[in-house]
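> below are the sequence and a predicted model for it; my questions follow.
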Amino acid sequence: MAWTMNTTAWAAIALVLIAAETFIPGAFLLWMGIAAAVVWLLVLLFPGLGVLAQVVLFVALSVVAVLAYLKWGRRRERPSDRPLLNRRAEQHVGRVVALDRAISGGQGRVKIDDAYWLVSGPELEAGTRVRIIAANGMVLEVQAVD
């Protein structure tokens, strides 16, 4: 088991792919890095393995590893206890607030906590209590509360 150009290259590829996973999350590079590490071990054990065979092994192992992760690994992820954490507008759906600015031409404004939000809905006067029924981007859809 000697270190050759091929073994050094596969070790470097494996390290770069696994390290890149920390900067580009998504779990694909991790599994490709593991595939490169397996090819590195095979090249160490079988030094006569040709470059084409090494590349074919790497591609095949990468595809199998990523597909295996997608099939079995993702199922085990826990659901979030706060699914709306990074969806500020959607967090307000269902709340009842007063219009800060009348809805005119389909657009108005409400104040929620310390922030102003654009709203869309039917023509309503300022001060009318409205229920937020949906969020389209950063615009909240509202309807009058009966």
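Yes, it's here.

> the protein: strands as residue ranges?
Taking DSSP state E as the criterion, the chain contains strands spanning 96-104, 107-112, 115-120, 129-136, 139-144.

> residues making contact with the longest one?
The contact list for strand 96-104, computed with CB atoms under 8 Å, 6 or more residues apart in numbering, reads 108-112, 116, 119-132, 142, 145. Just so you know, the C-beta spots here come from the backbone N, C-alpha and C atoms, and that holds for glycine as well.

> now do 7 Å
Contacts with strand 96-104, where a contact means CB atoms under 7 Å, 6 or more residues apart in numbering, come from 108-112, 116, 119, 121-131, 145.

> in that strand, which residues are buried?
Val97, Leu99, Arg101, Ile103 (16 or more other CB atoms under 10 Å).

> could you dump it to PDB, C-alpha only?
The C-alpha atoms that make up strand 96-104 are tabulated as PDB, following Å, rounded to 0.1, in the frame of the first residue of the first chain:
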ATOM      1  CA  VAL A  96     -56.900  40.000  14.700                       C
ATOM      2  CA  VAL A  97     -55.500  43.600  14.500                       C
ATOM      3  CA  ALA A  98     -56.800  47.100  13.800                       C
ATOM      4  CA  LEU A  99     -56.000  48.800  10.500                       C
ATOM      5  CA  ASP A 100     -53.400  51.600  11.000                       C
ATOM      6  CA  ARG A 101     -54.100  53.000   7.500                       C
ATOM      7  CA  ALA A 102     -57.400  52.500   5.600                       C
ATOM      8  CA  ILE A 103     -57.400  50.000   2.800                       C
ATOM      9  CA  SER A 104     -57.800  52.000  -0.400                       C
END
